[in-house]
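1. here is a sequence with its predicted model. Questions after.
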Amino acid sequence: MRTILIVAIVAAALQAQTTAQDNLNPGVAAFKDGNYSEAFTRFKAAVALDPALPNALLYLGTAYVQQYVPGVETEENRGYATAASEAFSTILQTDPKNKLATISMASLYYNLKDFKSAEEWNHNVLAIDPSNKEAYYTLGVIPWTEFIGPDREARNHEQMRPEDPPPLKDSGERAALKAKYWQSLTEGIDNEYKALAIDPTYENAMAYLNLLIRYRADLDDSKEQALADVKEADAWVEKALKTQKEKAARTAQNPQPPH
């Protein structure tokens, strides 16, 4: 009797896995076709039938992310972000080094503008994959994003136009901002260099090196240093444009065959 019961339990488990997989496969196909509503329904069914199926949880979390619209503050929209986080967290509870789930969490928190958490998760990504250039790139973008607002406010306060050369005129205001942002901006610059060490043709990292160096120049102590920084920033703009043109030329010479 006990043997029959065990066989029945195993059979039921196998049936659940098969049914979960049967929902997962068409869900993946729908997801690839951009039919996120159908994909979402399939992934939810797969997870309900087999909560331990990692790919189903990963796709379900990604489907929630697809429905989340950054910057839209509604209960429904926040619910998508929360559900996505819960799906990825469930995976990470049993597989703490799951690369895709970790990357997804880093991206989700960045889109939520929870930059502290985004930084932590991007460092987690690098702990798993030290060659992830996107993580270094994002760790450069975040400090610039946090600084641009206060810098603009300071320029407005000091009646400086966007095109006026750095640094900020008010030494007291400049010193206060420097104490708060100089280190993070410098670390951001270092992270973009690390991204370029991995991929020397990564023009996005070049573009943000320009922005980080150019905006940090507002905190320099002298006009001479600020002008030198602006010159360096300009050089990164030129290098990014040159890299884009070279990539476009290579693509034109070696077009991809139609799928």
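-> Yes, it's here.
2. which residues touch the residue sitting nearest the centre point of the chain?
-> When CA atoms, centre = their mean is applied to the chain, the residue found nearest the centroid is S107 (3.6 Å). Residues near S107 by CB atoms under 8 Å, 6 or more residues apart in numbering: V65. C-betas here are computed from N, CA, C, even on glycine.
3. gap between it and Y68?
-> 11 Å (CB to CB, to the nearest Å).
4. same question for D50.
-> 25 Å.
5. can you check P150 too?
-> 28 Å.
6. these two: which is more packed in?
-> Neighbour count, other CB atoms under 10 Å: between P150 and Y68, Y68 has more, with 19 against 15.
7. which SSE is the nearest residue in space to L49 that is not next to it in sequence in?
-> Spatial nearest neighbour of L49, chain neighbours left out: A20 (4.1 Å); criterion: CB to CB, 6 or more residues apart in numbering. For A20, the enclosing helix or strand under DSSP states H and E is helix 2-32.
8. what of P200?
-> Short version, using DSSP H and E: P200 is in no helix or strand.
9. distance of it relative to V141?
-> 19 Å.
10. more neighbours, the two?
-> Neighbour count, other CB under 10 Å: between P200 and V141, V141 has more, with 23 against 11.
11. in contact with the closest residue to the more buried one other than its chain neighbours, which residues?
-> Excluding the flanking residues, the one nearest V141 by CB to CB, 6+ apart is Y208, at 5.7 Å. By CB under 8 Å, 6+ apart, Y208 lies in contact with 137, 140-141, 144, 188, 192.
12. any idea how far stretch 34-54 is from the middle of the chain?
-> 24 Å (CA atoms, centre = their mean, to the nearest Å).
13. cool, stretch 166-174 as well?
-> The answer for stretch 166-174 is 32 Å, by CA atoms, centre = their mean.
14. got the buried residues for it?
-> Applying a neighbour-count criterion of 16 or more other CB atoms under 10 Å, the buried positions in stretch 166-174 are 166-168, 173-174.
15. next: stretch 49-57.
-> Within stretch 49-57, the residues scored as buried using 16+ other CB under 10 Å are 49-50, 53, 55-57.
16. how about stretch 83-101?
-> 83-85, 87-88, 90-92, 98, 101.
17. ok, back up a step: any idea how far the residue nearest to V141 lies from L112?
-> Using CB to CB, we find Y208 at a distance of 20 Å from L112.
18. what do you get for Q244?
-> In terms of CB to CB, Q244 sits 30 Å off from L112.
19. ok, D129 next?
-> For D129, the distance to L112 equals 22 Å [CB to CB].
20. the two: which is more packed in?
-> The neighbour count for D129 versus L112, taken as other CB under 10 Å, is higher for L112 (18 against 15).
21. so that one sits right up against P70, yeah?
-> Yes: L112 lies in contact with P70 (CB atoms under 8 Å); the separation is 7.4 Å.
22. what packs against whichever strand or helix holds L139?
-> Using DSSP H and E, L139 maps to helix 133-157. The contact analysis (3 or more CB pairs under 8 Å, 6 or more residues apart in numbering; DSSP states H and E) places helix 133-157 against helix 99-111, helix 115-128, helix 171-198, helix 203-216.
23. which one of those helices lies closest to Y64?
-> The closest of the helices and strands packed on helix 133-157 to Y64 is helix 99-111. By CB to CB, the value is 9.1 Å.
24. who touches stretch 31-48?
-> Contacts for stretch 31-48 (CB under 8 Å, 6+ apart): 20-21, 23-24, 26-28, 30, 53, 56-57, 59-60, 62-64, 66-67, 87.
25. in ChimeraX, how would I select the buried members of those?
-> Selecting only the buried members of the contacts of stretch 31-48 in ChimeraX, with burial defined as 16+ other CB under 10 Å, works like this:
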select :20,23,24,27,28,30,53,56,57,59,60,62,63,64,66,67,87
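26. so how far is the helix holding L139 from its chain's centroid?
-> 15 Å.
27. what are the buried residues along it?
-> 133-147, 151, 154-155.
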